[in-house]
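Colleague: coordinates only, sequence not included:
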C-alpha cells in the first residue's frame, strides 16, 4: 500500500531542505477575480500614456540596447 500523501509530501520537503532549500509563501494577484482583466488594462493604459509623455525614454532604451549588444559581442 502506498504511503499517505502527507508522508510523501513531508519526505519531499525534507529532501529539499537537505539540499539547502527552504519553503516560502508568496501572495500573487488572483487572476480569476472579477475585474482583474479590466484593472490590468487600466494600469497598462496608464503606463503607456506615461511612456508616450517621456520624450527621453526611447533614447534611453536605444542606448541600453546598444550596451546589451556590445556585451554580447565581448
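Modeller: Nice, thanks for sending it over. The structure presented is a predicted model; accordingly, all values stated were derived computationally and were not measured.

Colleague: Any idea how far the helix or strand containing residue 42 is from the middle of the chain?
Modeller: Using DSSP states H and E, residue 42 maps to helix 36-53. Put simply, helix 36-53 sits 18 Å off its chain's centre (CA atoms, centre = their mean, to the nearest Å).

Colleague: neighbouring contacts of that helix?
Modeller: The contact list for helix 36-53 (CB atoms under 8 Å, 6 or more residues apart in numbering) reads 29-30, 57. Using the backbone N, CA and C atoms, a C-beta is placed for each residue, glycine as well.

Colleague: Scan those and report the most crowded one.
Modeller: In terms of neighbour count, residue 57 stands highest of these at 12 neighbours, by other CB atoms under 10 Å.

Colleague: Contact partners for it?
Modeller: Contacts for residue 57 (CB under 8 Å, 6+ apart) come out as residue 51.

Colleague: Following element in sequence after the helix holding residue 42, please.
Modeller: helix 57-73.

Colleague: angle of that following helix against helix 36-53?
Modeller: 90 degrees (axes from the mean of the first three to the mean of the last three CA atoms, to 10 degrees).
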